[in-house]
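K.L.:
pasting the sequence and the predicted model now:
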Amino acid sequence: MYGQGLTKNADGESTVIMHGANIGIDIGKTELSFSFNNLQNAIGEDREPVYGVSVKGGNKEGISSLFKKGEFIPAASLDAILGYSFSNGSKASYNQAIDDISVRQEKFEKGFEKALPERIKKLVINSELTTEKKAALIDVIPSVASVESTETKFHKLLESDDATEHSELLKIKAGMVLIKKEYLDRTNAYDDERAKVYESALTEYWQFIFFSYGGIQGSEFKRFETFNTEDLSKSFIDESFRGGKFGGGINAQWRFLRLGFTYGYLKTNNFSLLTKKEYTLKKTVSNNEQSITEEKKITAYTGTYGEVEVNELNLDLIVNLRLDAKAKSHVLINPYLRTQLMSRNALVLPNSTNIGLGFYFFKDSGKFLGGFYTELPDVNNNYEKAKPEADRNLRAPLERMTFGIVGKFTLNTILK
């Protein structure tokens, strides 16, 4: 899925499709992603094809190396999905109910705006202001009488140094506050009605998406190969990796639970097993009894490098919990599993398993989802065990935990 996901792990992967177009940011990994698919609603059609694409780019060394030393190891990927969705088709009745609410709200708002000038005029007429003051206020009502402007423009006219007049103007202000409250109460009621329709539809809704995926990925970095005694600068080579993947997956949704599963083939490399080192390349030029020494800092990766084919199995569970009674604020709890199986060269890249847990927060009608995740990479320490003994760094699980802060911005809304 890679880049299409509603949530993500430390490698920016997820198996649960986030509907619509969205932009993802991982601050710690200096990573940016964009994805688009045709799932425009969380409550979808009963039958429909599913397709989408995603692109991702970033720095494999993360933000700390970028800011501290200016190091940038470029990595990018392009992926696509194609599948089919099956559900109990709640969308038609759901959309009709939402449309009915919108029609009633629009009718109310137009009627309210139309009647507003007369209601404000009535407040002025029923006051004990002087005839001249009443006339002055009534003259400007048509130009400022709207729900948005009455508390800003019109209130500026309701000022006076005269004590009696000031008291009457305060009464008009109080009446206008009540009018505005009436408007807000009604519009909030429509929002609550929409939320109830959505919650009701979601409790009855189920969906399965069967899909295939494929993509390409690439990265570049400098690697120390071996000492070149004739020219030390040639001890380093520029590696350019090109890999790819394909496979299949399933998404399932029932009420407030979502499950994602993928299994496929992946051509990757063992960059994560290499050791980063800094070298200083010195060049001395002598002339008679004088010499000049040039120094150049080189960051490179050492170790046995290779490209490897593996199979991968990924699993996500997402639980959507409400944070308030009206279900306008939510938290997504996302335990996940990432495994690499059947390595074609276990000496270069052993099999591995990562587990993690993410928490994401958003508003019901919002466009931004933000949160954090924590992950335990390579549960059995297979990567470290594959390194030369002198380079191994075997640590307890808590010492190997990674953390990340992520955000996603969608062009529609998160769950609707």
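P.N.:
On my side now, so go ahead.
K.L.:
from here on, just use CA atoms for contacts and neighbour counts.
P.N.:
OK.
K.L.:
quick one: the helices in the stretch 251-400 of the chain?
P.N.:
Shown for the stretch 251-400 of the chain, the helices assigned by DSSP state H, counting those that start in this stretch span residues 382-386, 397-400.
K.L.:
pLDDT on the longest one, on average?
P.N.:
Along helix 382-386, the predicted confidence averages to a pLDDT of 83.
K.L.:
what's next to that helix, contact-wise?
P.N.:
273, 347, 348, 349, 350, 351, 352, 392, 393, 394 (Cα atoms under 8 Å, 6 or more residues apart in numbering).
K.L.:
what's the spacing between the last one and residue 378?
P.N.:
Per Cα to Cα, to the nearest Å, residue 394 is found 11 Å from residue 378.
K.L.:
what do you get for the fourth one?
P.N.:
Here residue 349 is placed at a distance of 12 Å from residue 378 (Cα to Cα).
K.L.:
the two: who's more crowded?
P.N.:
Remark: of residue 349 and residue 378, residue 349 carries more neighbours, 27 against 20, as counted by other Cα atoms under 10 Å.
K.L.:
excluding sequence neighbours, find me the nearest residue to the more buried one.
P.N.:
residue 270 (5.7 Å; Cα to Cα, 6 or more residues apart in numbering).
K.L.:
quick one: pLDDT of the one you found?
P.N.:
90.
K.L.:
do the same with the one 3 residues further on
P.N.:
pLDDT recorded at residue 273 is 83.
K.L.:
wait, doesn't it sit right on residue 391?
P.N.:
No - counting by Cα atoms under 8 Å, residue 273 sits too far from residue 391 to count as a contact (10.1 Å).
K.L.:
between those two, point out the one with more neighbours.
P.N.:
Using other Cα under 10 Å as the criterion, residue 273 and residue 391 rank with residue 273 on top: 20 against 13.
K.L.:
the more buried one - nearest residue in space that isn't next to it in sequence?
P.N.:
Closest to residue 273 by Cα to Cα, 6+ apart is residue 383, at 6.3 Å.
K.L.:
burial count for that neighbour?
P.N.:
24.
K.L.:
where's it relative to residue 129, distance?
P.N.:
Noted for residue 383: a distance of 84 Å to residue 129, by Cα to Cα.
K.L.:
who does the nearest residue to residue 405 once chain neighbours are set aside bridge with?
P.N.:
Spatial nearest neighbour of residue 405, chain neighbours left out: residue 372 (4.4 Å); criterion: Cα to Cα, 6+ apart. When assigned by DSSP bridges, residue 372 has beta-bridge partners residue 359, residue 405.
K.L.:
so who does residue 372 touch?
P.N.:
Taking Cα under 8 Å, 6+ apart as the test, what residue 372 contacts is 358, 359, 360, 403, 404, 405, 406.
K.L.:
mind listing what's buried in stretch 222-237?
P.N.:
222, 223, 224, 225, 236 (16 or more other Cα atoms under 10 Å).
K.L.:
which of these fall in strands?
P.N.:
Applying DSSP state E to the buried residues of stretch 222-237, the entries found in strands are 222, 223, 224, 236.
K.L.:
can you give me the pLDDT of the second one?
P.N.:
What it means is residue 223. Reported pLDDT for residue 223: 88.
K.L.:
is the residue lying closest to residue 57 once chain neighbours are set aside in a helix, a strand, or coil?
P.N.:
Computed as Cα to Cα, 6+ apart, the closest residue to residue 57 that is not its neighbour in sequence is residue 76, at 4.2 Å. For residue 76, the assignment made with DSSP: H, G, I helix; E, B strand; the rest coil gives strand.
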